[in-house]
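> Got a predicted structure plus its sequence, pasted below:
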Amino acid sequence: MTHDHPAASQRGVSRPFGRVITAMATPFTADGSLDLDGAARLAAHLVDEQGNDALVVNGTTGESPTTTDAEKERLIRTVVEAVGDRAQVVAGVGTNDTRHTIELAAAAEKAGAHGLLVVTPYYNKPPQSGLLRHFTAVADAAGLPIMLYDIPGRSGVAIATDTLVRLAEHDRIVALKDAKGDLTATSWVTSRSDLAVYSGEDSLTLPLLAVGAVGVVGTSTHFSGLDTLRMIEAYEVGDMAGALALHQRLLPLYTGIFRTQGIILVKAGLAAHGLPSGPVRPPLVDATADELAQLRADCAAAGLALPE
């Protein structure tokens, strides 16, 4: 399922995973166990009601640091079945251990995932030569298209532009989730490679489109997916004023969802909407009443009411 558009095609870049992708929350039951029925319902809601072309499961927003490998595999199978051919499922498989990442990639492929999200190894802070070897080893072993995930604020090390350009030469490395927050670096990546760049920061989606990005892997898109899609479509057809107006309206939510860890507020917002969510797993903590009130105010400022 590939979604091309004229601007991307002109520079030889497709949208391998569509325009709008949500890093999906993982619903838990009240006792903190995996809620597979809830995951199926939430996935269908995001695709059918929020305009998502694809979903990332087992990402950080999906609380992947606290789910087991077996839970990750069950979640992939559940979401793949829930969305059918209406959307793609991209499985987060990145760890700071190359062997473990390769094992998770194989399990995700067996479970029916359509693509893989592979984050920069975190905590051990490998040099660029180590990053090149890590991502290449995963791509060599995998049978699915890969989206790299560059988020130095969490991983402790950025993927250098030269490294990204070299990795883009691999047939299976097709996309980049860019949460580096460096428009100049992204500009060099889009000018020197055919990677499909997806914004990894909701508020930078429109600026990144201007330097060659093709979409977003979002967090606030649990609630703003349709309007974010409209913003991208407005940009595509040259309606810059319309795109900017939507960007500015959504900005309070794009930024507000990250007042604390994004998943904390996502789950609070989902619960307010009566959608599957459940508690977060420790060491995270659920939103306070004040945090929920602030989220409600941020949603209202963005024109997206959060039920009382």
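That came through, no problem. Numbering: from 1, shown residues only.
> Name the residues that touch stretch 152-168?
The contact list for stretch 152-168, computed with Cβ atoms under 8 Å, 6 or more residues apart in numbering, reads 60, 119-123, 125-126, 128, 131-132, 135-136, 139, 148, 150, 173, 176, 179-181, 185, 188-189, 192-195. For every residue, glycine as well, the C-beta is placed using N, CA and C.
> Quick check: end-to-end length of it?
Between the start and the finish of stretch 152-168 there is a gap of 19 Å, counting by Cα to Cα, to the nearest Å.
> Pull out the buried positions in that stretch.
Burial within stretch 152-168, assessed by neighbour count using 16 or more other Cβ atoms under 10 Å, is assigned to 152, 155, 157-159, 161, 163-164, 166-168.
> For the stretch 101-250 of the chain, which segments count as helices?
128-141, 152-155, 161-167, 183-192, 205-210, 221-236, 240-256 (DSSP state H, counting those that start in this stretch).
> Run the angle between the longest one and helix 221-236 for me.
In terms of direction (axes from the mean of the first three to the mean of the last three Cα atoms, to 10 degrees), helix 240-256 departs from helix 221-236 by 160 degrees.
> what's residue 219 sitting at in phi/psi?
Its backbone dihedrals place residue 219 at phi -110, psi -50, with angles given as degrees, to the nearest 10.
> show me the contacts for the closest residue to it other than its chain neighbours.
Nearest residue to residue 219 in three dimensions, chain neighbours excluded: residue 262, at 4.2 Å (Cβ to Cβ, 6 or more residues apart in numbering). For residue 262, the set of contacting residues under the criterion of Cβ under 8 Å, 6+ apart consists of 61, 219-220.
> Going by neighbour count, which of those comes out on top?
The member of the contacts of residue 262 surrounded by the most neighbours (other Cβ atoms under 10 Å) is residue 220, with 29 neighbours in all.
> Next one: it from residue 112, what distance?
Relative to residue 112, residue 220 is positioned 27 Å away (Cβ to Cβ, to the nearest Å).
> Extract the CA atoms of stretch 236-249 and return them as CSV.
Coordinates of the C-alpha atoms in stretch 236-249 are reproduced here as CSV (Å, rounded to 0.1, in the frame of the first residue of the first chain):
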residue,chain,number,x,y,z
GLU,A,236,0.1,19.2,-1.1
VAL,A,237,-2.3,21.2,-3.3
GLY,A,238,-0.5,24.4,-2.7
ASP,A,239,-3.0,25.9,-0.2
MET,A,240,-0.3,27.3,2.1
ALA,A,241,-2.7,29.6,3.9
GLY,A,242,-5.0,26.8,4.7
ALA,A,243,-2.2,24.5,5.9
LEU,A,244,-0.8,27.3,8.1
ALA,A,245,-4.2,28.0,9.6
LEU,A,246,-4.7,24.4,10.5
HIS,A,247,-1.1,24.2,11.9
GLN,A,248,-1.7,27.2,14.1
ARG,A,249,-5.1,26.0,15.3
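> hmm, who's touching that stretch?
Where contact means Cβ under 8 Å, 6+ apart, the residues beyond stretch 236-249 that reach it are 5-7, 205-206, 209, 227-228, 230-232, 234-235, 302-303.
> quick one: which of the residues you listed is nearest residue 73?
For those, the closest approach to residue 73 (Cβ to Cβ) belongs to residue 228, at 29.4 Å.
> wait, the closest one sits on residue 218?
Yes. Counting by Cβ atoms under 8 Å, a contact exists between residue 228 and residue 218, whose distance comes to 6.4 Å.
> Quickly list what's touching both of the two.
Joint contacts of residue 228 and residue 218 (Cβ under 8 Å, 6+ apart) are 20, 202, 205.
> Generate a markdown table for those residues, with distance to residue 53, neighbour count and pLDDT as supplementary columns.
Conversion of those to a markdown table gives the following (distance: Cβ to Cβ, whole Å; neighbours: other Cβ atoms under 10 Å; pLDDT from 0 to 100):
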| residue | distance to residue 53 | neighbour count | pLDDT |
| --- | --- | --- | --- |
| 20 | 6 | 30 | 98 |
| 202 | 16 | 23 | 98 |
| 205 | 14 | 27 | 98 |
